[in-house]
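1. Fold the following and give me the result.
(chains A and B, ligands or ions: 2)
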Amino acid sequence: MVDPSWNKEGIKVTCQDPCNLVRKGLGDSVADDLRFVIKHVAGEENFVDMWPNKSNNYCCGGGGGYLQSGFVEKRRAFGRIKFDQIQATGADIVVTPCHNCRSQITDIGQVYGGKYQTVHLWSLIVKAMVRKSTATPG
Amino acid sequence: MSQPIVIGKRKSRFKELAQAAIPGGGNLDLCLTCSSCVNGCPASGISDMDPRKFLRMVLLGLDEEVLQTPWIWWCSMCQRCRRACPMGVDIGALVFMARQQWSRENTPKGIQKSCDLHLEFGNSTGIRREDWVSLCAELAEETRQQEEDWKDLPAPMDKKGAGYYLNQNAKEPTVEPEEMIPLWKILHEVGIDWTYSSEQWDAVNYCMFSGDDRDWEAVVRRQSEIVNDLGCKTLINTE
Ligand code: SF4
Ligand code: SF4
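-> Ligands and ions are numbered 1, 2, ... in the order given. Below is the predicted model of the structure:
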């Protein structure tokens, strides 16, 4: 069971659609699942989508071995478009279901002066999770 | 009367190679030069190269330039261009084919090293088996001791017959090990019977990006053997 009431301050959340999971993987249906989960754990009204998104989403620039390849300057230039997309949402948190995306989006945020934080999807779920054994009835 | 442009006697061996290797041939000859791929590609303009230009160079038989440009490492093979392309031209696959032509020595060192570590240690950061096993055991023990609600939290290792096999991006235990705990909590709460393995537990495969199919296959094969040996029915790939 999840309960979004932890997000009292209305922290705004957006998400990155990982290329390998969405465009190159399971398609828009998994992107919809991702949004379904985020809205349930952070509150529907607190989710702000990027545009374009889902299968048309821009790669963050962390994929294809980029993070390991040593081309730091190129990788950051590539990621500029993603940074601008995130800034346009005004989100406080970017859910990054893939670790590569997380590293890259954290890095471009620091380099370009973003104020957002990145989190794994699972960390956000746990924030809202209410354990069966400790849940108060009603 | 207008005359066709004659481009000497160049013949693209690379194009033929790519067409033979890419499933369906990659539609390379169908390009309309519309530039939808260029407009939607974050790697467009990096060092004066873009997907359409790269493709045109291949089609013109400029093999030498095609196989030398480092731009193939600045394209993330994200396939957005292919999605945007009205003709289904597969430039990401073409880039991968070009990566395959680079020698091991010239492949960007970081990518090659991650792949080599994976082949040697079973994970791309070179964590030793005993360190991985004790890290997971310690994290779970600390959580059980410190968090009242999670006194029963398991982090199973090499558990035969577990329903689900879980792998983990090797960056997580390296840079943010505590970030694995929330995942364990969710699995436990929803009653999933899962396990890690002490070998070949990495969710990433940098050998996929270095361009050597044999290395790529070796990594995937080894992990699937382990999943089968453990008797797990489902692999959860966390990356
Ligand atoms: S989108 Fe397709 S058809 Fe258009 S220029 Fe790119 S490869 Fe050619
Ligand atoms: S696959 Fe490469 S060329 Fe195509 S959109 Fe992505 S980065 Fe650009």
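2. Tell me which residue lies nearest the centroid of chain B.
-> For chain B, the residue nearest the mean C-alpha position is B:Met208 (4.7 Å; C-alpha atoms, centre = their mean).
3. What separation do you get for the spatially closest residue to it that is not a sequence neighbour and B:Gln100?
-> Of all residues not flanking B:Met208 in the chain, B:Trp216 sits nearest, at 5.0 Å (C-beta to C-beta, 6 or more residues apart in numbering or on different chains). Where you see a C-beta, it was placed from the backbone N, CA and C, and this is true even at glycine. The gap separating B:Trp216 from B:Gln100 is 10 Å, by C-beta to C-beta, to the nearest Å.
4. one step back: other SSEs contacting the host helix or strand of the residue nearest to the centre of chain B?
-> In the assignment (DSSP states H and E), B:Met208 maps to helix B:207-210. Packed against helix B:207-210 by the contact rule (3 or more C-beta pairs under 8 Å, 6 or more residues apart in numbering or on different chains; DSSP states H and E) you find helix B:109-121, helix B:213-230.
5. How about that helix and ligand 2, touching?
-> No - figure legend: helix B:207-210 not in contact with ligand 2 (C-beta under 6 Å from any ligand atom); closest approach 12.3 Å.
6. got the buried residues for that helix?
-> Using 16 or more other C-beta atoms under 10 Å in any protein chain shown as the test for burial, helix B:207-210 gives B:207-210.
7. so what's the backbone phi/psi at the most centrally placed residue in chain A?
-> Most central in chain A under C-alpha atoms, centre = their mean is A:Val95, positioned 2.1 Å from the mean C-alpha point. When read as degrees, to the nearest 10, the backbone of A:Val95 gives phi -80, psi 120.
8. Against A:Arg35, how distant is it?
-> Using C-beta to C-beta, A:Val95 is found at 10 Å from A:Arg35.
9. got any residues that touch both of these two?
-> Common neighbours of A:Val95 and A:Arg35, counting by C-beta atoms under 8 Å, 6 or more residues apart in numbering or on different chains, are A:Cys15.
10. Please list the residues of chain B that sit near ligand 1.
-> Residues of chain B lying near ligand 1 (C-beta under 6 Å from any ligand atom): B:31-37, B:52, B:55, B:84-87, B:89.
11. Run a quick neighbour tally on the nearest residue to A:Gly90 once chain neighbours are set aside.
-> Excluding the flanking residues, the one nearest A:Gly90 by C-beta to C-beta, 6+ apart is A:Lys12, at 6.1 Å. The local packing of A:Lys12 (other C-beta atoms under 10 Å in any protein chain shown) involves 18 other residues.
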